[in-house]
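# One predicted model, sequence on top.
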There are 2 protein chains.
Amino acid sequence: MSETAVNKPFIDVLAGQRQSVPPIWMMRQAGRYLPEYREVRAKAGGFLDLCFNPELAAEVTLQPIRRFGFDAAIIFSDILVIPHALGRSVRFEVGEGPRLDPLDTPDKIATLSGQADLSKLEAVFEALRRVRGELPPSTALIGFCGAPWTVATYMVAGQGTPDQAPARLLAYRHPQAFSKIIDALVDSSIAYLLKQLDAGADALQIFDTWAGVLSPREFARWSVAPTKRIVEGVRKARPDAKIIGFPRGAGALLPGFVAETGIDAVSIDWTAEPGLVRERVQSKVAVQGNLDPLALITGGAALDQAVDDVLASYSSGRHIFNLGHGILPETPIAHVEQMLARVRAFKG
Amino acid sequence: MSETAVNKPFIDVLAGQRQSVPPIWMMRQAGRYLPEYREVRAKAGGFLDLCFNPELAAEVTLQPIRRFGFDAAIIFSDILVIPHALGRSVRFEVGEGPRLDPLDTPDKIATLSGQADLSKLEAVFEALRRVRGELPPSTALIGFCGAPWTVATYMVAGQGTPDQAPARLLAYRHPQAFSKIIDALVDSSIAYLLKQLDAGADALQIFDTWAGVLSPREFARWSVAPTKRIVEGVRKARPDAKIIGFPRGAGALLPGFVAETGIDAVSIDWTAEPGLVRERVQSKVAVQGNLDPLALITGGAALDQAVDDVLASYSSGRHIFNLGHGILPETPIAHVEQMLARVRAFKG
């Protein structure tokens, strides 16, 4: 039986077929809550060294699949590899998160190259090929990028910021200059995602972690429109590409995001309102999510309740079980097993 | 002409009458963006010393009314005066925000008094009486408290936290213990708000700054239900009390919040979706908001556009113009004047 003949439940949901047991994976599933990840991480050197080591990146990508049998693997990488490919300096300081040289004035932005050198990301594509070769045939492989808005918040501020104020202010003050950053990210992301498909990704996710801080007008301009351009750009070359959007915190702006961008599925955070999502989102695309990562840390009856709430809210339609955001490092592995058993025992 | 015969446009909107020019005030309008505030602040000592000095608290409350002629004054105080009245130590460290002794275990919570000593807040009531005596008769006076959920996030963590994780985890792990904090805050807030009405407040606002981090089940339990109890408790003694809710970041959970709590108006942040708010919120209560404070910092054409968006979105119904969150210290006064002129020139 050839690999292509084997069913991938995760892809089937994206393609329109509800599964009676929702496929499941976790954002940041290759991560610090796993001792086997911490072991590889310790010998890899810096965080970007791990991202750019195909052997080790493939290894940590596969770890949660081996341990939990999730329905999808997501390639181990970071959303800031695109600024790196655009020639920006990207460093990860221990305990401090990412650091870049801030692009916080129109003059500095004028120096930004619009052309990413994707040969700098060859290690990511090689890691994808390695994972592809080792994954069980029923397990999907997800490639990803950061949405232009979210990546731009780091490029403008030079680091993570609690309220993304530097990027928001720059976008208000100098929308043309800010557009130049967004345009460079749109073009690079299309090329990057296509190469991930070529390297074996079955589906793609676009992470817009900071979409929720924007007013409706700014959301339309900086989150919806660039995402739509990426979806269209990828589909132009690969009309069958399956793409998941994740405009975290979009709240009531979610239905418009889904309708405008043309994505196949939307990942939702744990604050979403189930009625609105079912009626105006899940009626059109698949829904992925949305367990509160803190419920997963808590475990016990609170976790069972939270898992049941997610299943009751979304598993009557096309649903991929996931968290509402990445799993946190302090999460006990036993709680992941508890969640997994409960989801897989679901009779939908 | 007696004061009671003078029209207060702000109160008229809360009572059900749309105004062709929406009344306007700004959250945190008595604040550091004003030189006259900074002058008083410098001589008051610490932040709580200013809150508890009736003369100076009244003075800074009145400053933005004198300068801008806003339609409402909000008493200068802080949401953490309730923990103070509950006997908790509350300190404001310069440049670091509030510090409390964390109530982060059931054992510690068992020591919490359920009885607030409101005589500790006599300065707030005296400040309200002073402001009441000096306000123009057409200007409304707003009293306020923090919502129990938001105040509890500080009491549990002992400080502000980026994601309110300590309180969220405690609420998952020990809901009964956490309820004890919430219950103490509900009871104290009812008594505190009633005394603010007695001291001359025309309306009340309940600030739930961190409502937006909760899942639907937790939102119903920790934001909606306690707010509803406060509204009912206040109305039991004062059936005519006008109450504004502000569940910041509630997104698509907003219509349910409004329907359940019985508030007269809801303050919305700048990320709200106008269609949902008009159809399912403004059809039932007045709407207050929701200019992005960063648009106010920006000024110029971006500010005009943002003001026009707010007016176009909400001023066909009952609307109080405001920001989506507090004004930021770096905001130029000229931009406040620009906003005010544009709103007052609105022909609705």
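Now that the structure is in, tell me what you want to look at.
# could you list every residue that touches the closest residue to A:Gly299 other than its chain neighbours?
Nearest residue to A:Gly299 in three dimensions, chain neighbours excluded: A:His335, at 4.2 Å (C-beta to C-beta, 6 or more residues apart in numbering or on different chains). Where you see a C-beta, it was placed from the backbone N, CA and C, and this is true even at glycine. Contact analysis of A:His335 by C-beta atoms under 8 Å, 6 or more residues apart in numbering or on different chains lists A:Leu296, A:Ile297, A:Thr298, A:Gly299, A:Leu303.
# Give me the number of neighbouring residues for the residue in chain A that chain B sits nearest to.
Using C-beta to the nearest C-beta, A:Gly251 is the residue of chain A that sits closest to chain B, at 2.4 Å. Close neighbours of A:Gly251, defined as other C-beta atoms under 10 Å in any protein chain shown, add up to 26.
# again with A:Asn7
11.
# what's the helix or strand for it?
Assigned by DSSP states H and E, A:Asn7 belongs to no helix or strand.
# Hmm, the residue of chain A closest to chain B is touching A:Thr271, no?
Yes: assessed by C-beta atoms under 8 Å, A:Gly251 is found in contact with A:Thr271 at 7.3 Å.
# list residues touching both of the two?
B:Gly249, B:Gly251.
# that older thread, out of the contacts of A:His335, who's the most crowded?
Most surrounded of these: other C-beta under 10 Å gives A:Leu296, at 25 neighbours.
# List the contacts of it.
Here A:Leu296 is in contact with A:Leu303, A:Ala306, A:Leu323, A:Ile327, A:Leu328, A:Thr331, A:His335, A:Val336, A:Met339 (C-beta under 8 Å, 6+ apart).
# Quickly find the element holding the second one.
Take DSSP H and E as the rule and A:Ala306 turns out to sit in helix A:300-314.
# mind checking how far that helix is from the chain centre?
23 Å (C-alpha atoms, centre = their mean, to the nearest Å).
# and the helix or strand following that helix with helix A:300-314, angle?
Going down the chain from helix A:300-314, the next helix or strand is strand A:319-323, by DSSP H and E. Angle of strand A:319-323 versus helix A:300-314, following axes from the mean of the first three to the mean of the last three C-alpha atoms, to 10 degrees, is 150 degrees.
# Strand A:319-323 packs against which elements?
Under the contact criterion of 3 or more C-beta pairs under 8 Å, 6 or more residues apart in numbering or on different chains; DSSP states H and E, strand A:319-323 touches helix A:9-14, strand A:286-291.
# out of the contacts of A:Leu296, who has the most neighbours?
In terms of neighbour count, A:Leu323 stands highest of these at 27 neighbours, by other C-beta under 10 Å.
# doesn't A:Leu294 make contact with that residue?
No: under the criterion of C-beta under 8 Å, A:Leu323 lies out of contact with A:Leu294, with a separation of 10.0 Å.
# quick one on the thing from earlier: anything in the helix holding A:Ala306 near chain B?
Yes: counting by C-beta under 8 Å from any C-beta of the partner chain, chain B is contacted by helix A:300-314 at A:Ala302, A:Gln305, A:Ala306, A:Asp309.
# Quick one: mean pLDDT over that helix.
For helix A:300-314, mean pLDDT is 98.
# And stretch A:127-143, by the same measure?
98.
# quick revisit: ok, the residue nearest to A:Gly299 to A:Leu291 distance?
Computed as C-beta to C-beta, to the nearest Å, the A:His335 to A:Leu291 distance reads 11 Å.
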